[in-house]
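In: Sharing a model that was predicted from the sequence below.
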There are 2 protein chains.
Amino acid sequence: MTFEFTLEAEQGQARAGIFHTPHGPVHTPVFAPVGTQATVKAVEPRELTELGASLLLANTYHLHLRPGDELIRDLGGLHQFMAWDGPILTDSGGFQVFSLAELNKIDSDGVTFRDHLGGSLRRLTPESSIQIQHHLGADVIMAFDQCPVPDDRGVVEAAVERTHRWLIRSAEEHARSGDVSRQALFGIVQGGIFMDLRAASARFVSDVDLPGYAVGGLAVGETKAQMYTTLEQTTPLLPRHKPRYLMGVGSPEDLVHGVARGVDIFDCVLPTRVARNGAALTRQGRINMRNQQYAADPSPLEPGCTCYTCTHFSRAYIRHLVRSSEILAHQLLSLHNLHLLLTLMREMRAAIFSGTFADYAAAFLEGYSLPGPHKSAKIPLNV
Amino acid sequence: MTFEFTLEAEQGQARAGIFHTPHGPVHTPVFAPVGTQATVKAVEPRELTELGASLLLANTYHLHLRPGDELIRDLGGLHQFMAWDGPILTDSGGFQVFSLAELNKIDSDGVTFRDHLGGSLRRLTPESSIQIQHHLGADVIMAFDQCPVPDDRGVVEAAVERTHRWLIRSAEEHARSGDVSRQALFGIVQGGIFMDLRAASARFVSDVDLPGYAVGGLAVGETKAQMYTTLEQTTPLLPRHKPRYLMGVGSPEDLVHGVARGVDIFDCVLPTRVARNGAALTRQGRINMRNQQYAADPSPLEPGCTCYTCTHFSRAYIRHLVRSSEILAHQLLSLHNLHLLLTLMREMRAAIFSGTFADYAAAFLEGYSLPGPHKSAKIPLNV
């Protein structure tokens, strides 16, 4: 049944399930590649299919500004526009209004902002965000929320309250002008790193009967330890038989820690952004392909990897492409990085079924070196 | 047999044949996509295979500078380096030394230049060009020549003479240090737009027994009429049973005019460069996808086209990608543009077999609008 979530297996907090959408099933835990402007950067839709991607994310703010959500509606909706026949999720645009727009002013009714492309003054409210998402036509749409800095209690408190009021208005607008059989509205829990606020928000949001719930406001400046702690105290408060979506998170270590803490859905620009910066994600950690050490290295990015990149090209070649600013570098690194994350999700799903998730996760994290600032922050898995 | 050219059919000057190489047969007439830095920009090798590309060109100058021809040799050669198991042709580097290097000084022995990447002083001679091409390991390598401006008789005369002397030295070096069963050396006819010089050059170059011959020094500033006239007076002077390669030429109209004048092999950056500029090649002419007229256009780049791009994406979507500076725009436009040229070559080959080439070529040119400055220069096909 559309938007039903079938819980198939659990191990500790980790869960495996199937989330049914009008564009097919999503097997969870799942990582959703991000196609901000209706394209996963440097990756063709047929390649996403080949990689086993099921759910994609697209950004409401960007598409509202360009090419315009009404144009996309008139052309048959986002699926047809970007030639992706699988499930799509759109965010509400709220996060981008605050992080990208050149000027923004929030009030109780919504946000006024100057768009970063044309410079025009625009306004987004819970109602208009939902309407825009109706035009785009994604399978999953998000309530309009306010994502605050995570550690200023006064700011977070006000944002939680506003997020709750806006959730009600988002749900009412969706019920009024939307088609709940075609688009599922997810609510968002806020609360920064304050557990009492998270708990109150989880309770409030869960009380609104929705097909799924998201944990927002993480990976926005807090430490990894704070993020994991907040997560493990929040997810148990969400309905067990609804999918849980951790927004904007997707490094290998965060995916493992997130699944261990009961998250079903993730999205992140990381694999494709890292690729465009010339780096590869591997099971041992991130490697910078500009490094001289790969100049004559005939081995693939990750020995044993079965992706197109690793089965055809050497590190030496990829380094040459990166240094030469060749577009193919972005393509090949993006394919590999997405392959790793999507494979990791499939492996975790299988491990949950076979009851070996704790061992799998511990082994993965043991072999994985965290990048730069997090190097010393190996955090207990807590499963 | 390796490097044998089997002439299969002729119609007027137009020819269909098979050129046998160590990496498989090349069915002619053929268009070779250009992979300057060991990658056809924004296109994966598996996609080139899918498009039906057989022969690729790579640039000796670029690869000599970066990553270095000895590195490529040590990694198994260019085929393995760029994961292209089909035939490859490398140019001699001479043209790039003059067009790209920051400073160059020609003498009777070779060219001294400052490379445009690192700024170091380097030298290229017929011998070193051939040695570099040995390291790269392409199936077809080119004699080191001087490509002059086409219409200064004194300059052209000197360049022809030098090109002839350098051809002998190129052939001697290839015989001395190369493997003629693995790499075929092609000689190059020069002579600008001066028919007596072209004729003398064609005679001289043909007298050196080589597996193939190229017409160089065209599409470098002369008019299209001059180019076609020069070509139709030059190709009949070349050995009938050897492949003829027109260097650096590849607009749709030039391919048709070239085949009509007896050319078997073409190469050009045009389809992928035009793509990166946001334009599509179609059978009606070039279209600029930034144009407002495509903003809501649900039709494919070229109705009826069977390429991946045209069977999945609308002009409106491509325009959105171009305006958003998305890498996928380069990918999808490159795929389409290459598909058109490769299809055009296959259609011309079939038409030569069926004796309908003259009609086919006339009909194609009739429907095709030349871009910008050439709009009024419809030139007789002359077949």
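Out: In hand now; what should we look at?
In: Name the nearest residue to residue A:270, sequence neighbours excluded.
Out: Closest residue to residue A:270 in three dimensions, ignoring its sequence neighbours and counting by C-beta to C-beta, 6 or more residues apart in numbering or on different chains: residue A:250, at 4.9 Å. For glycine as for every other residue, the C-beta is placed from the backbone atoms N, C-alpha and C.
In: what's the burial count for that neighbour?
Out: Residue A:250 is flanked by 21 other residues according to other C-beta atoms under 10 Å in any protein chain shown.
In: Domains of chain A: list them as residue ranges, please.
Out: Per the record, chain A has its domains at A:5-268, A:275-365, by automatic domain parsing.
In: Redo those as JSON lines? Include mean pLDDT.
Out: Below are those laid out as JSON lines (pLDDT from 0 to 100):
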{"stretch": "domain A:5-268", "mean pLDDT": "96"}
{"stretch": "domain A:275-365", "mean pLDDT": "98"}
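In: hmm, back to that, which SS state does the residue nearest to residue A:270 fall under?
Out: Put simply, residue A:250 is coil when judged by DSSP: H, G, I helix; E, B strand; the rest coil.
In: residues contacting it?
Out: Residues near residue A:250 by C-beta atoms under 8 Å, 6 or more residues apart in numbering or on different chains: A:31, A:266-271, A:341.
In: Please repeat the previous calculation with a cut-off of 10 Å.
Out: Listed by C-beta atoms under 10 Å, 6 or more residues apart in numbering or on different chains, the contact set of residue A:250 reads A:31-34, A:219, A:258, A:266-271, A:341, A:345.
In: And for residue A:281?
Out: Taking C-beta under 10 Å, 6+ apart as the test, what residue A:281 contacts is A:251-252, A:270-271, A:274-275, A:287, A:301-302, A:333, A:336-341, A:344, A:368, A:371.
In: I'd assumed it was in a helix, is it?
Out: No: under three-state DSSP, residue A:281 falls outside any helix and is assigned strand.
In: mind listing which of the contacts of residue A:281 are in strands?
Out: Among these, the ones falling in strands (DSSP state E) are residue A:287.
In: In helices only, show me the contacts of residue A:281.
Out: Under the assignment DSSP state H, these contribute A:252, A:270-271, A:274-275, A:333, A:336-341, A:344 to helices.
In: on that earlier part again, now the residue nearest to residue A:270: phi and psi?
Out: Per-residue torsions, residue A:250: phi -170, psi 20 (degrees, to the nearest 10).
In: same thing with residue A:242?
Out: Residue A:242 has phi and psi values of phi -130, psi 150 when expressed as degrees, to the nearest 10.
In: what's the spacing between residue A:54 and residue A:141?
Out: Distance of residue A:54 to residue A:141, given as C-beta to C-beta, to the nearest Å: 17 Å.
In: Dig out what the residue at minimal distance from the centre of chain A forms beta bridges with.
Out: Nearest to the mean C-alpha position of chain A, by C-alpha atoms, centre = their mean, lies residue A:267 at 1.5 Å. Beta-bridge partners for residue A:267, by DSSP bridges, are residue A:32.
In: dump the residue contacts of it.
Out: Residue A:267 neighbours (C-beta under 10 Å, 6+ apart): A:30-34, A:55-57, A:89, A:91, A:214, A:245-250.
In: Near chain B, which residues of the stretch 201-350 of chain A are found?
Out: Within the stretch 201-350 of chain A, the residues that sit near chain B (C-beta under 10 Å from any C-beta of the partner chain) are A:272, A:276, A:295-298, A:308-309, A:311-314, A:316-317, A:319-321, A:323-332, A:334-335.
In: just the buried members of those residues?
Out: A:272, A:276, A:296-297, A:308-309, A:312-314, A:316-317, A:319-321, A:323-324, A:326-332, A:334-335 (16 or more other C-beta atoms under 10 Å in any protein chain shown).
In: My read is that residue A:147 contacts residue A:217, right?
Out: Yes: applying C-beta atoms under 10 Å, one finds residue A:147 in contact with residue A:217, separated by 4.9 Å.
In: So between those two, which is more surrounded?
Out: residue A:217 (32 against 23).
In: now the more buried one: how far from residue A:270?
Out: Applying C-beta to C-beta to residue A:217 and residue A:270 gives a distance of 18 Å.
In: neighbours of residue A:106, just the number please.
Out: Counted with other C-beta under 10 Å, residues neighbouring residue A:106 total 17.
In: quick one, phi psi at it?
Out: Dihedral angles (degrees, to the nearest 10) for residue A:106: phi -100, psi 140.
In: same check, this time on residue A:186
Out: The phi/psi pair for residue A:186 (degrees, to the nearest 10) is phi -100, psi 140.
In: how about the nearest residue to it, chain neighbours excluded?
Out: Leaving aside its chain neighbours, residue A:186 sits nearest to residue A:212 (4.3 Å; criterion: C-beta to C-beta, 6+ apart).
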